[in-house]
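> got a predicted structure here, sequence first:
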Amino acid sequence: MTGTVSGERSTLRSWLLKGLTEQTARHEGPHAQPHEEKPHSWWKVMCLTGVDYFSTLGYQPGIAALAAGVLSPLATLVLVLITLLGALPVYRRVAADSPHGEGSIAMLVRLLSFWKGKLFVLVLLGFAATDFIITITLSAADATAHIDENPFWPESWHHQEVLVTLVLVAALGAVFLKGFTEAIGIAVVLVGVYLGLNVIVIGDALWEVLTHPAAVADWGTALTTSHGSPLAMVGIALLVFPKLALGLSGFETGVAVMPHIKGDLPQRIRGGKQLLTTAAGIMSVFLITSSLATTVLIPAEKFQPGGEANGRALAYLAHQNLGNVFGSVYDIATIAILWFAGASAMAGLLNLVPRYLPKFGMAPTWARAVRPMVLVFTGTAFLITWIFDADVDAQGGAYATGVLVLITSAATAVTLSARRAGQRGRTWAFGIITAVFVYTTLVNIWERPDGVKIAGCFILAIIAVSLLSRVYRAFELRVTHVDADPLAQRWLDELSKRQIRLIANEPEARDNREYSAKLAQIIADNDMADQRDVLFVEVTVRDASDFETELIVRGEVLHNRYRVLTLESSSVPSALASLMLWIRDTTHRRPHIYFEWTEGNPVANFARYLIFGQGEVAPVTREMIRQAEPDRRRRPHVHVG
């Protein structure tokens, strides 16, 4: 019986961890492996991001009408101008500077180094998680709203929004647990059908607006009665605009899918820019026309919570103007694309987390596998759905916060990039765009703090897990590759015929006195008789916040006497342990390394190692070797005196 239970656990573990990569530095996420997938034309890839971007038509007109009232078309026009003159130029620059799917976060990783850069990235990942998770829950909740309001939906199943939304989220998780394939082909069909149906619904609505001038007159009267002068209308529209920021979603996923575009790097960049420009243009037309049609034709009370047009304004028009049969077809297409928008967000999360956290040493080993992360994200989506009671309006603030913070970070990244490139005019232009998005983000946070509260929970969770993981993985080897220059390799080949002895030295003045004193001390401490086999080894820490690095071993002759191996790494113990194991494997000799005991408090020295990559070097090096090589007979020798 025990054996059966153990076997079942082993089978479950193998299933969960299927596809776990050992080399985190080269892990690109489960859905970002272009070498395994056929590349596609840019317009097909646009549909993959379009299931997220275009699906917002399912709820954006209703949210805009609820937030801006009769000013909804004018506020939407402001949104479109910000999209075309702000977000689009920013992300076209991101596409050029980060064409491998990493997005704006990767640009900031390159521009910001050391721990401040890593912590900043963790904060951005918290907002990105907010964006993607709320995309899943908000889209599923809006799909539920379309199901619940459909006249053919059984009456007894009405008002079960939370349950239906949880079923949709669970179905999404089940798809990813099984394996998510052929995403682009499905996306092309969904986007084509959905946009085609929207052309019919909006076209019919606009024709009704044109042929019923009384409705337009009533809307104009409501405008002048409520807001007076045109200047006041513009001012209020600018103030209300941040509430409509949901219409800016899709740009970050737009650059994330760039690796799927066929062609070499210049063609991919060109295709990425075409993708972003075309998507923004299509969405801008739909946003303005849908906002105008829904605001003029739908009574204001229908947009309120519980109203028939709440979260589904275009679906309301489809049923009202084109009949329940066509309306149901529109509902099915809307439900499908909203559900698939959650799939796009889940794929984004599964690409984002393995790309950064394991590389920083800030995620458990199982975070590199798809299925455990799917379970984590699905469980989180369950919790968010339950907290917000599957309410579309209630989740709008959190979604807008995630979207706006990511766009603001992208604007900041391209501003810094332009400044570093010496492009003064573009620096000022992108700086102004950044200021606009900073204002929009702050206003959104001030008016709807739920978003930043949720993002704060994600950020705290990510930072806590990251720091615990960094401590837990403190004794892992953190070198992805070791190579040596010809001089260093020649020394090791010569010494492999006798004995290889390394002296770990912390470089200071690097004068003759430093090396002679160090050599004398090591000889005395270890009663070493033969000095011919001695090489000094020195590690320089460039950025201790990096977790994984490549190791290049270079040979230097100092003062015509001392042979020194120099290395650069993020951690002294990891570099030395990896070097020793590499020497053993390439020379087939077990090398010796000699240390001095570190002065000071061991706890403080270990903290220095965790933060600065130095400190308690000797015992940590030995422990890394011990964990990497279980066989004591094959371990390199470590001496401390």
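Structure received.
> buried ones in the helix or strand encompassing Thr135?
Using DSSP states H and E, Thr135 maps to helix 114-149. Using 16 or more other CB atoms under 10 Å as the test for burial, helix 114-149 gives 117-118, 120-149. In short, each C-beta sits where N, CA and C put it, glycine included.
> with stretch 320-331 instead?
Gln320, Asn321, Leu322, Phe326, Gly327, Ser328, Tyr330, Asp331.
> of the residues you listed, closest to Ser284?
Taking CB to CB as the measure, Ser284 lies nearest Tyr330 of the buried residues of stretch 320-331, at 21.5 Å.
> quick one: contacts for the closest one?
Taking CB atoms under 8 Å, 6 or more residues apart in numbering as the criterion, Tyr330 is in contact with Leu197, Val201, Leu314, Ala315, Ala318, His319, Leu322.
> same check on Arg554?
Ala484, Asp485, Leu487, Ala488, Leu565, Thr566, Leu567 are the contacts of Arg554 under CB under 8 Å, 6+ apart.
> for the fourth one, give its distance to Leu565.
With distances taken as CB to CB, to the nearest Å, Ala488 is found 6 Å from Leu565.
> Val534 against Arg501, yeah?
Yes. Val534 is within contact range of Arg501, at 5.1 Å (criterion: CB atoms under 8 Å).
> shaky segments in the stretch 201-350 of the chain?
Scanning the stretch 201-350 of the chain for pLDDT under 70 picks out the ranges 226-229, 246-247.
> any buried residues in the helix or strand hosting Gly456, and which?
Assigned by DSSP H and E, Gly456 belongs to helix 450-472. If you call a residue buried by 16+ other CB under 10 Å, then helix 450-472 has these buried ones: 450-452, 454-455, 457-459, 462-463, 465-466, 469-470.
> let me see the mean pLDDT of the helix holding Thr135.
Average pLDDT, helix 114-149: 82.
> stretch 545-562 too?
The pLDDT scores in stretch 545-562 average 85.
> quick one: neighbours of Val175, just the number.
17 (other CB atoms under 10 Å).
> separation between it and Val257?
Taking CB to CB, one finds Val175 at 18 Å from Val257.
> same check, this time on Thr549
Distance, Thr549 to Val257, using CB to CB: 29 Å.
> neighbour-wise, which of those two wins?
Just comparing Thr549 and Val257: by other CB under 10 Å the higher neighbour count belongs to Val257, 29 against 23.
> so what's the more buried one up against?
By CB under 8 Å, 6+ apart, the neighbours of Val257 are Val45, Leu48, Thr49, Gly101, Leu275.
> next, the fourth one: secondary structure please.
Of the three states, Gly101 takes coil under DSSP: H, G, I helix; E, B strand; the rest coil.
> show the pLDDT at it.
71.
> surely it is in contact with Val255?
Yes. Using CB under 8 Å, Gly101 is in contact with Val255, at 7.1 Å.
> just name the closest of the buried residues of stretch 320-331 to Phe437, please.
Nearest to Phe437 among the buried residues of stretch 320-331: Tyr330, at 33.4 Å, using CB to CB.
> against Gly311, how distant is that closest one?
Distance from Tyr330 to Gly311, counting by CB to CB: 14 Å.
> for the closest residue in space to Thr621 that isn't next to it in sequence, which residues are in contact?
Excluding the flanking residues, the one nearest Thr621 by CB to CB, 6 or more residues apart in numbering is Pro573, at 4.2 Å. Residues near Pro573 by CB under 8 Å, 6+ apart: Tyr609, Val617, Val620, Thr621, Met624.
> next up, the contacts around the last one.
The contact partners of Met624, by CB under 8 Å, 6+ apart, come to Phe475, Glu476, Leu477, Pro573, Ser574, Ala577.
> from those residues, which two are the most distant?
Farthest pair in these (CB to CB) is Glu476 and Pro573. Separation: 10.7 Å.
> quick one on the thing from earlier: how far does the helix holding Gly456 sit from the chain's center?
On the basis of CA atoms, centre = their mean, to the nearest Å, helix 450-472 sits 14 Å off its chain's mean C-alpha point.
> what pLDDT, on average, does that helix get?
The pLDDT scores in helix 450-472 average 80.
> what's the first helix or strand after that helix?
Going down the chain from helix 450-472, the next helix or strand is strand 479-484, by DSSP H and E.
> any buried residues in that next one, and which?
Quick answer for strand 479-484 (16+ other CB under 10 Å): Val479, Val482, Ala484.
> and Val63, what does it touch?
One thing to correct before we go on: residue 63 is Ile, not Val. Residues in contact with Ile63 (CB under 8 Å, 6+ apart) are Lys243, Leu244, Leu246, Gly311, Val392, Asp393, Gly396.
> and the residue nearest to the spatial centre of the chain, what element?
Nearest residue to the geometric centre of the chain (CA atoms, centre = their mean): Leu352, 3.5 Å. Here Leu352, judged by DSSP H and E, is contained in helix 324-356.
> distance between that helix and the chain's centre?
Worked out by CA atoms, centre = their mean, helix 324-356 lies 18 Å from the chain centre.
> how many neighbours does Asn198 have?
Neighbourhood size, Asn198 [other CB under 10 Å]: 21.
> then Ile236?
18.
> residues in contact with the strand or helix carrying it?
Per DSSP H and E: Ile236 is located in helix 230-240. When contacts are defined by CB under 8 Å, 6+ apart, helix 230-240 is touched by residues Ala67, Ala68, Leu71, Leu74, Ala75, Leu77, Val78, Leu223, His227, Val443.
> quick check: the two most widely separated of these?
Farthest pair in these (CB to CB) is Leu223 and Val443. Separation: 22.7 Å.
> list the buried ones in stretch 561-576?
Buried residues in stretch 561-576 (16+ other CB under 10 Å): 562-576.
> tell me which of those residues is nearest to Thr165?
Nearest to Thr165 among the buried residues of stretch 561-576: Ser570, at 43.9 Å, using CB to CB.
> the stretch 1-150 of the chain: helices as residue ranges?
According to DSSP state H, counting those that start in this stretch, the stretch 1-150 of the chain carries its helices in the segments 2-16, 42-53, 60-68, 72-82, 88-97, 103-111, 114-149.
> need the residues touching each of Ala488 and Leu565.
Jointly contacting Ala488 and Leu565 under the rule CB under 8 Å, 6+ apart are Val553, Arg554, Gly555.
> filter those down to the ones in strands?
Mapping the shared contacts of Ala488 and Leu565 onto strands (DSSP state E) picks out Val553, Arg554, Gly555.
> just give me the closest of those to Thr434.
Distance to Thr434 across those (CB to CB) is lowest for Arg554, with 41.5 Å.
> any idea how far Gly185 is from the closest one?
Between Arg554 and Gly185 the distance is 50 Å, computed by CB to CB.
> all helices of the stretch 451-600 of the chain, in order?
Along the stretch 451-600 of the chain, the segments classed as helices by DSSP H, counting those that start in this stretch run 486-495, 512-526, 572-587.
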